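J.: I'll drop the sequence and a predicted model, then ask my questions.
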Amino acid sequence: MARKPKTIITCALTGAIHTPTMSDALPYTYDQISEQAIAAAEAGAAILHLHARNNETGFPSIDPKDFSPFLSRIKQATDAVVNISTGGSLTATIQERITPAKTFSPEMCSMNMGSLNFSFHGLAARYKAWKFDWEKAYVEGSEGNIFRNTFKDIKEAAQTLAPHGIKFEHEIYDVGHLYNLKSMLDQGLFQAPIFLQFVLGIQGGIGADVENLVFLKRTADKLFGDQYHWSVLAAGAAQIPMAVTASQMGGHVRVGLEDSLFIARGELATSNAQQVAKIRRIIEDLGNAVATPDEAREILALKGGDQVKF
Ligand code: KMH
Ligand code: ZN
């Protein structure tokens, strides 16, 4: 029997949705992000998807100054693939959002494949008191946010970043985003093999259920044939169940506190590494092996950890 392909675990450490009040485990200082990223890599994450935050307040940041302190520490301590977000703000321009990727030229960065309502305002009602002044208005304000990723924005991002040889984690929040990607792949804006991240359960995007995942996968098969790899991230309680389903369907998985603060129903995770260890244990118990960073580099045809600028 042919050997099963290995499963790549991505860990998304902090993101820009959750706020410090929501969990003491959410890393936001440079030290916390470095330490949790290193621990997540040790637990089995081959790829680290990174956002930055203000070191004092935890406010989501897209300033390269807030990335460099942890990027260098992560590089020194791990062999993991660094993936820098280009979606760290719902209000900044595309040029501002890609500045960290342009500055540090990582092996991977995210690329959001369409515009959508993107809201997490529903979380606000769960908290009576907030650790920092900015949090309540930030969370409530997302009710009015459009996450802008027009064809022109995506083209501009792809063309600006092209000289860096970065592999994109294409964030697919709905089935139409696959068609957006197909037309841009046909224009030569992206290179195969492409890497799709199916994003399930964000308010504004497709819901987190197995039928939707099968539909996304079937559509990707139709559009991209053998030119793609895929992974799943699901928000909140659906995180681990959908990751398990994806791994059993031959896909890769993403976990981390960016996408869910929980380790079990009603129980906050104590760290990113705890979620990585849990999904790794399940994947291995079910008979799959997880990919090392170098195996992930080979599967996704990455440029190599010695080609980055940090
Ligand atoms: N926060 C996730 C739902 C990005 O960083 O560009 C999607 C994400 C986007 O990770
Ligand atoms: Zn992200």
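T.: Here it is on my side, so go on. Numbers count the residues shown, from 1 in each chain. Ligands and ions are numbered 1, 2, ... in the order given.
J.: run a quick neighbour tally on the residue in the chain that ligand 1 sits nearest to.
T.: At 2.3 Å from ligand 1, Gly87 is the closest residue in the chain, using C-beta to the nearest ligand atom. For the C-beta atoms, the positions are set from N, CA and C on the backbone; glycine is no exception. Counted with other C-beta atoms under 10 Å, the neighbours of Gly87 add up to 21.
J.: and the closest residue to it other than its chain neighbours, its phi and psi?
T.: Once flanking residues are discounted, Gly87 sits nearest to Asn112: 4.9 Å by C-beta to C-beta, 6 or more residues apart in numbering. Backbone torsions of Asn112, given as degrees, to the nearest 10, read phi -80, psi 130.
J.: and the strands in the protein?
T.: Ranges of strands within the chain are 9-12, 47-50, 52-53, 60-61, 81-84, 108-112, 116-117, 146-147, 167-172, 194-200, 228-234, 252-255, 262-264, 267-268, based on DSSP state E.
J.: quick one: low-confidence parts of the stretch 1-150 of the chain?
T.: Low-confidence segments of the stretch 1-150 of the chain (pLDDT under 70): 1-3.
J.: quick one: name the residues of it near ligand 1.
T.: With C-beta under 6 Å from any ligand atom as the criterion, the stretch 1-150 of the chain comes near ligand 1 at residues Ala12, Gly15, Ile17, Ser85, Thr86, Gly87, Ser110, Asn112.
J.: show me which pair in the residues you listed is furthest apart.
T.: Ile17 and Thr86 (15.6 Å; C-beta to C-beta).
J.: so for the two, which sits in the more crowded spot?
T.: Neighbours around Ile17 and Thr86, counted as other C-beta under 10 Å, are more numerous at Thr86. The numbers are 25 against 22.
J.: on that earlier part again, list the contacts for the residue of the chain closest to ligand 1?
T.: Each residue near Gly87 by C-beta atoms under 8 Å, 6 or more residues apart in numbering is listed here: Ala16, Arg97, Ser110, Asn112, Phe147, Glu171.
J.: what's the burial count for the last one?
T.: Meaning Glu171. Neighbours of Glu171 (other C-beta under 10 Å): 23.
J.: now do it, the pLDDT please.
T.: Glu171 is assigned 98 on the pLDDT scale.
J.: surely it touches Ser115?
T.: No - contact criterion C-beta atoms under 8 Å: Glu171 and Ser115 do not qualify, at 11.9 Å.
J.: near ligand 2, which residues of this protein show up?
T.: Contacts of the chain with ligand 2, taken as C-beta under 5 Å from the ion, map to Gly15, Ser85.
J.: how near is the residue nearest to Ala243 when sequence neighbours are not counted to Ala25?
T.: Once flanking residues are discounted, Ala243 sits nearest to Val253: 3.9 Å by C-beta to C-beta, 6+ apart. With distances taken as C-beta to C-beta, to the nearest Å, Val253 is found 20 Å from Ala25.
J.: of those two, who's got more company?
T.: Taking other C-beta under 10 Å, Val253 and Ala25 do not tie; Val253 has more neighbours (28 against 18).
J.: which strand residues bridge the more buried one?
T.: Val253 has these beta-bridge partners by DSSP bridges: Ile9, Val232.
J.: ok, it - contacts?
T.: Thr7, Ile8, Ile9, Thr10, Ser231, Val232, Leu233, Ala243, Ala246, Ser247, Ile279, Ile283.
J.: count the neighbours of the third one for me.
T.: Right, the one you point to is Ile9. By other C-beta under 10 Å, the burial measure for Ile9, its neighbour count, is 29.
J.: all helices of the stretch 1-150 of the chain, in order?
T.: Remark: helices assigned in the stretch 1-150 of the chain by DSSP state H, counting those that start in this stretch are 30-43, 68-77, 94-104, 135-141.
J.: before we move on, the earlier item: and the strands of the chain as JSON lines, adding distance to Lys217?
T.: Shown next, in JSON lines, are the strands of the chain (distance: least, C-beta to C-beta, whole Å):
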{"stretch": "strand 9-12", "distance to Lys217": "17"}
{"stretch": "strand 47-50", "distance to Lys217": "20"}
{"stretch": "strand 52-53", "distance to Lys217": "32"}
{"stretch": "strand 60-61", "distance to Lys217": "31"}
{"stretch": "strand 81-84", "distance to Lys217": "22"}
{"stretch": "strand 108-112", "distance to Lys217": "19"}
{"stretch": "strand 116-117", "distance to Lys217": "20"}
{"stretch": "strand 146-147", "distance to Lys217": "23"}
{"stretch": "strand 167-172", "distance to Lys217": "11"}
{"stretch": "strand 194-200", "distance to Lys217": "8"}
{"stretch": "strand 228-234", "distance to Lys217": "7"}
{"stretch": "strand 252-255", "distance to Lys217": "12"}
{"stretch": "strand 262-264", "distance to Lys217": "25"}
{"stretch": "strand 267-268", "distance to Lys217": "30"}
